[in-house]
Structure formats: C-alpha cells, structure tokens
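Colleague: Predicted model and sequence below, questions to follow.
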Amino acid sequence: MNEWEQPVTMQENRQKRQPHDFIWLVASLLVLVFGYLLFRQIYDASESLPFAQETILVFLGAVATIFLTAVLLNRQTELELSKEGRVLLFDQKNAVYMAAVEKIAEIVEEQRHDPQLIDELRVIGHKLAIVGSAPVIGAFRTVLDLLLGGLRDGELDNKDAEDIMHAVAEVTFAMRQDLLTDIGAGWGQAEREMIVGNSRRMERLDDLG
C-alpha cells in the first residue's frame with residue numbers, strides 16, 4: 001500500500017462505470033433510431049391530413065426535449081452526489097486529523113501515562129483506520145511506537161517528548177499531503193522540510209523558557 005493507492009482506486013471506479021455508461025449510450029442510440037423510424041413512418045402516412053405533420057413535429061420536439069432534459073438532470077444529480085460525498089469525507093478527515101494531533105499534544109504535555117487520554121487516542125486511531133490515507137496511518141504508527149517506548153516507565157522525559165513532536169511533524173505533513181490531494185492542490189518535499197524545520201524551531205523556543 002502506498003501514496004498512489006487512492007488515485008488508483010478512483011481510476012478503478014471510473015473503469016467500473018465505463019460498461020454502464022456504454023450500455024446507456026447504446027440504449028439511447030437504439031431508442032433514437034427506433035423513434036426516428038417510427039415518427040418518419042407516421043409523418044409520411046399523415047401527409048394527406050391537414051396540420052397532422054406539424055402536430056407530429058411538435059410532439060417529436062417535445063419528446064426530444066424531455067429526453068435530453070432527463071439525461072442532463074441525471075448526470076447533474078450524479079455529479080452533485082459525488083461532490084457532496086467528497087466534501088463530507090474531506091470534513092471527516094480534517095476533524096479526525098486535527099483530533100489526533102491535539103490528543104498526542106495533550107499526552108506529551110501531561111508527560112505521564114494517563115489512561116483516559118490513551119483511551120481517547122485509541123478511539124482516534126480507529127477513526128484514522130477508516131478515513132486516513134496509508135502515509136498518515138504509517139506516520140501515526142511511528143508516533144505510537146515512540147509513545148510506547150517513552151511511557152514504558154510511566155513518564156515521558158524531555159528527549160522522548162521532543163522525538164514524539166518531531167514525529168508529529170511528519171504526521172502533519174502526511175495529513176496535509178492527503179487533504180491537498182483530495183482537493184487537487186499540489187504538495188512537495190519543500191513543504192515537508194518547512195514543516196519539520198518549524199517543529200525543530202518550536203523546540204528551540206521551548207528550550208529558551
């Protein structure tokens with residue numbers, strides 16, 4: 001599993017939809033051809049009747065308008081539902097990601113094993129498993145490993161706290177990468193270096209105190 005898995009999954013979904021779209025297109029073409037032949041026959045048969053051909057043309061125009069309107073509305077509905085689903089998923093990801101960072105910060109600030117905070121972090125970990133990308137889950141696992149090592153004796157020393165917060169910087173970069181990918185924005189190694197650099201500068205500021 002890697003960072004390209006999500007785009008590949010979206011591509012597979014599009015590939016699964018292609019047969020359905022092709023069948024819909026073929027069915028539409030068949031209906032149009034059959035309808036044209038039928039109305040052409042009726043149109044020729046009504047040549048001797050006054051206003052009959054005009055009535056048929058008006059009816060044919062109405063049918064074509066209804067058909068095109070139905071196709072456009074159906075497509076618009078699909079796009080709106082897809083967009084709404086992406087927005088909901090983005091909001092859910094953002095909420096879980098922010099909760100994970102804040103909860104880790106609380107544990108580090110506490111600098112001791114707090115069962116309540118650990119339980120809350122466990123719940124957040126399950127949420128990450130649902131909405132998080134593979135890089136986010138992998139970076140979060142590194143933070144958990146550091147917490148396990150640091151809290152083995154029941155308390156975190158300053159070195160453990162610094163290592164954990166540096167790992168959190170990697171988590172935030174993975175989260176940023178995932179969220180920006182969802183909205184089609186760019187990201188790169190330069191952003192990662194700035195995020196990690198800011199984390200180390202914050203540690204220096206803390207040491208000044």
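Modeller: In hand now; what should we look at?
Colleague: hey, where'd the strands end up in this structure?
Modeller: Read by DSSP state E, the chain holds no strands at all.
Colleague: can you give me the helices for it?
Modeller: Ranges of helices in the chain, per DSSP state H, are 5-45, 52-110, 115-131, 134-150, 158-182, 189-208.
Colleague: buried set for the fourth one?
Modeller: Taking 16 or more other Cβ atoms under 10 Å as the neighbour-count basis, helix 134-150 is seen to contain the buried residues Pro135, Val136, Gly138, Ala139, Phe140, Thr142, Val143, Leu146, Leu147, Gly150. All C-beta spots, glycine's among them, are computed from the backbone N, C-alpha and C.
Colleague: Just name the closest of these to Val123, please.
Modeller: Phe140 (13.3 Å; Cβ to Cβ).
Colleague: Surely that closest one is in contact with Ala99?
Modeller: No: the pair Phe140 / Ala99 is not scored as a contact, 11.8 Å apart, by Cβ atoms under 8 Å.
Colleague: Could you list the low-confidence segments of the chain?
Modeller: 1-21, 24, 39, 42-53, 56, 182-209 (pLDDT under 70).
Colleague: again, only this time at 90
Modeller: Residue ranges of the chain with pLDDT under 90: 1-90, 108-115, 118, 128-135, 148-209.
Colleague: follow-up on the earlier one: export the buried residues of helix 134-150 to JSON lines and tack on distance to Leu128?
Modeller: Listed next are those as JSON lines, based on distance: Cβ to Cβ, whole Å:
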{"residue": "Pro135", "distance to Leu128": "12"}
{"residue": "Val136", "distance to Leu128": "7"}
{"residue": "Gly138", "distance to Leu128": "11"}
{"residue": "Ala139", "distance to Leu128": "10"}
{"residue": "Phe140", "distance to Leu128": "6"}
{"residue": "Thr142", "distance to Leu128": "13"}
{"residue": "Val143", "distance to Leu128": "11"}
{"residue": "Leu146", "distance to Leu128": "16"}
{"residue": "Leu147", "distance to Leu128": "14"}
{"residue": "Gly150", "distance to Leu128": "20"}
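Colleague: All set, thanks.
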